[in-house]
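Engineer: structure, please.
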Amino acid sequence: MPKIQLEILIGEARWRKIPKLAARLKKAAATIPSHLPKKLRLNANVVVLLTSDAEMRRLNRDFRGKNQPTNVLSFPTFAPRELPNMGKKSAQILLGDIALGYQYIVVESKNTHKILINHACHLLIHGILHLFGYDHVSGPKAVRMETLEQEIMRGLGLPDPYAMPQPKERKAR
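Structural biologist: Residues are numbered from 1 along each chain as shown. Purely as a prediction, here's the structure:
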């Protein structure tokens, strides 16, 4: 079965404090092709930059014209229509680059009561699906992408990223 291999670059030191993060991200990426249509099952490399909000703001401004930080950005190497032929031409392709913003993701995790490492895995999966041409702008395409994300997370034994966990109730004293 084809796999996606990650090259992880750390531009924000606080990412290093998350135990087993690199291993979890690599495992999540490696399982994605088994959930894709056969024509998209490629051996691919993805470069992931674990960075700060300041860098995410710069990337978002320079590449998308939005002067604000965000959680994940994807930079595909190929147009989606090119991908089905790529597996036939090359044993390994550079699928693209992804950037994840530390502070933004930490705040999102806290605000939605999600475990940080699980949320980071979900956003990596989300970003890689963008590299394959999946989109969440319109109704049917959004449902297809969201369903695929849920399926991949479930396959990893992780919670549904779109279910809103309830905050833990305090024990009565």
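Engineer: contacts, neighbours, all on C-alpha from now
Structural biologist: OK.
Engineer: contacting residues around stretch 145-157?
Structural biologist: For stretch 145-157, the external contacting residues (CA atoms under 8 Å, 6 or more residues apart in numbering) are 28, 31-32, 35, 122, 125-126, 129, 134-136, 159-162.
Engineer: repeat that for 10 Å
Structural biologist: Stretch 145-157 is contacted from outside by 24, 27-29, 31-36, 118, 121-123, 125-126, 129-130, 133-137, 140-143, 158-163, using CA atoms under 10 Å, 6 or more residues apart in numbering.
Engineer: again, but for stretch 51-67
Structural biologist: 9-15, 49-50, 68-73, 75, 99-105.
Engineer: only whichever of those are buried, select them in ChimeraX.
Structural biologist: In ChimeraX, a selection of the buried entries from the contacts of stretch 51-67 looks like this (16 or more other CA atoms under 10 Å):
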select :11,12,15,49,50,69,70,71,72,73,75,99,100,101,102,103,104,105
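Engineer: tell me how far Gly157 lies from Leu94.
Structural biologist: From Gly157 across to Leu94, the span is 28 Å (CA to CA, to the nearest Å).
Engineer: you'd agree Arg81 is up against Tyr134?
Structural biologist: No: contact between Arg81 and Tyr134 fails when scored by CA atoms under 10 Å: they sit 11.4 Å apart.
Engineer: so between those two, which is more surrounded?
Structural biologist: The residue with more neighbours, out of Arg81 and Tyr134, is Tyr134; 18 against 10, by other CA atoms under 10 Å.
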